[in-house]
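**Student:** when you get a sec, could you give me coordinates for this:
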Amino acid sequence: MVVHHRFKLLKLPYLAYDKVVNEMNIREQFKVATLSKKMQRVVKNSNQRETISPHVRFHRIISIVFTNDKKRNSFTIRLRPKQGGRYPTMAEFQEQFLFFKNIFNISNIDLSFLHDYPRHLKLQVIPFLVQENLKVSRFIAYSNYCTPKDTYLLALNQSTNAKQLQLYNGLPGEIQLSVDECPIMNVDDMALFDAKWVKIEHMLKRFMNCQKIQLHGCRFRVGEFKLFVQKWMRSPESRTEYVKFRLKNPSQFGSLVQGIEHRLVGQAYIDNVIIHSHSGCFMVEQVSSGKRAIIYNNHGELIFTTKFSLQLSIRPNVSQPPEPPFENDDDEPNYQDDLEMDDFDSDDSEVDDNDSDPGSD
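**Tutor:** Residues are numbered from 1 along each chain as shown. Next up is the predicted model:
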């Protein structure tokens, strides 16, 4: 029979017990931190060198998923409806989250509103994040009702430097968001749905630093987007690599490059998929940096992208050498149009973990 010997962890030298706590996965550290305030401080100090990323999902239940980016293990806690179906209150959420924020030294947070009830939580969560000086890395909001303008603005203002922003709910009615009201966005991946409020002035003055832009529900004329292309060609500091929206007048797509230095492209490849456009595919180039982009009409949707490869088609028995690859052909990101919405299982456990160490727990 194996005899297990117990010892008091805090009786070890500091470096020894700090190493022990640091080697624990997130679930184990959480359990240890609940023992006493002293153990909370031990876990907090041990995690100074770690990066813990929380993802809060508001759905039928509230799920908080914590991931250790370095050790690649995760831990999920679920705040389920109370007796009688009462959804957790904001105070209950704050109490639980602040405990984690303290022991895991959290500074960034990902937010997903996968269901819109109770609605007051969406109004309260963002001000709470502002109060706690938490930076939003990803903000995703699904909804089947129109978001009030002040909440929509709050989401934009808190996501100005986010890695990902997806707002699936537009402004109610005919309410407009002026250029002066809209913050300057510096988002890696921004998708706005029901975005009728977006005008070409927003693109020129507020969205030029967004890396990927997908606009649904708003339409630009070819002449309007021509202004964006011209500004991009003059602005080597622009981060824009991908733009997608629907044209008001797709039949006039060819007029986009009138008066602009361009090149007609027979075919191009994006993620090794050949792109054909019955309206033509044009390549433009930034004046100072030499960075290239292609623009094409995909059944009424205009696509602007700098992530492409280009090959001229060569007929058999023609000894014409292939065109040399462009400088921006390598390491092309996988831009996918399909957007996924996670769901949660309905087991009764309050705590889940997904630890990479097969010997843990």
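**Student:** okay, now the sheet partners of the longest strand seen in the chain, with direction.
**Tutor:** Under DSSP state E, the strand in the chain containing the largest number of residues is strand 212-220. According to DSSP bridges, the neighbouring strands of strand 212-220, each with its direction, are strand 189-192 (parallel), strand 242-247 (parallel).
**Student:** low-confidence ranges in the stretch 51-200 of the chain?
**Tutor:** Filtered on pLDDT under 70, the stretch 51-200 of the chain yields the residue ranges 84, 115-120, 122, 143-147, 173-174.
**Student:** now the strands for it?
**Tutor:** Assigned by DSSP state E, counting those that start in this stretch, the strands in the stretch 51-200 of the chain fall at 52-58, 62-68, 73-79, 108-113, 135-141, 164-167, 189-192.
**Student:** the fifth one packs against which elements?
**Tutor:** So that's strand 135-141. strand 108-113, helix 149-158, strand 164-167 (3 or more CB pairs under 8 Å, 6 or more residues apart in numbering; DSSP states H and E). For glycine as for every other residue, the C-beta is placed from the backbone atoms N, C-alpha and C.
**Student:** relative to helix 149-158, how tilted is that strand?
**Tutor:** Strand 135-141 and helix 149-158 are oriented at 140 degrees to each other (axes from the mean of the first three to the mean of the last three CA atoms, to 10 degrees).
**Student:** which of the residues in strand 135-141 are buried?
**Tutor:** The neighbour-count check on strand 135-141 (16 or more other CB atoms under 10 Å) flags 136-141 as buried.
**Student:** check stretch 213-224 too.
**Tutor:** Neighbour counts over stretch 213-224 (16+ other CB under 10 Å) mark 213-216, 218-220, 222, 224 as buried.
**Student:** and it, how far out from the chain middle?
**Tutor:** Here the centre of stretch 213-224 is set off from its chain's centre by 21 Å, with CA atoms, centre = their mean, to the nearest Å.
**Student:** likewise stretch 102-109?
**Tutor:** Between the mean C-alpha position of stretch 102-109 and that of its chain there is a distance of 19 Å (CA atoms, centre = their mean).
**Student:** contacts for it next, please.
**Tutor:** Outside stretch 102-109, the residues that touch it by CB atoms under 8 Å, 6 or more residues apart in numbering are 26, 29-30, 33, 40, 43-44, 47-48, 50, 52-56, 66, 100, 129, 133-137.
**Student:** which one, of the strands of the stretch 51-200 of the chain, ends up nearest to Gln176?
**Tutor:** Between Gln176 and the strands of the stretch 51-200 of the chain, the tightest spacing by CB to CB is seen for strand 189-192, at 14.0 Å.
**Student:** identify the residues contacting that closest one?
**Tutor:** Contact partners of strand 189-192, identified using CB under 8 Å, 6+ apart, comprise 163-167, 170, 198, 207, 210-218, 339.
**Student:** over to stretch 156-165?
**Tutor:** Applying CB under 8 Å, 6+ apart, the contact partners of stretch 156-165 are 126, 129-130, 135-140, 155, 182-192.
**Student:** which positions within it qualify as buried?
**Tutor:** Going by neighbour count (16+ other CB under 10 Å), the buried part of stretch 156-165 is 156, 158-160, 162, 164-165.
**Student:** that stretch: end-to-end distance?
**Tutor:** With CA to CA, to the nearest Å as the measure, the first residue of stretch 156-165 is 8 Å from its last.
**Student:** now that stretch: how far from the chain's centre is it?
**Tutor:** Here stretch 156-165 is found 8 Å from its chain centre; the criterion is CA atoms, centre = their mean.
**Student:** before we move on, back to that, quick check: what element follows the longest strand of the chain along the chain?
**Tutor:** Using DSSP states H and E, the helix or strand that directly follows strand 212-220 along the chain is helix 222-234.
**Student:** just the buried residues of that next one, please?
**Tutor:** Buried residues in helix 222-234, counting neighbours by 16+ other CB under 10 Å, are found at 222, 224-226, 228-229, 232-233.
**Student:** cool, stretch 63-81 as well?
**Tutor:** Of the residues in stretch 63-81, those buried by neighbour count under the rule 16+ other CB under 10 Å are 63-68, 71, 73-79.
**Student:** over to stretch 282-299?
**Tutor:** Taking 16+ other CB under 10 Å as the basis for neighbour counts, the residues of stretch 282-299 that come out buried are 282-284, 286, 291-298.
**Student:** tell me the average confidence for it?
**Tutor:** Per-residue pLDDT values across stretch 282-299 average out to 92.
**Student:** tell me which residue lies nearest the centroid of the chain.
**Tutor:** Gln164 (1.7 Å; CA atoms, centre = their mean).
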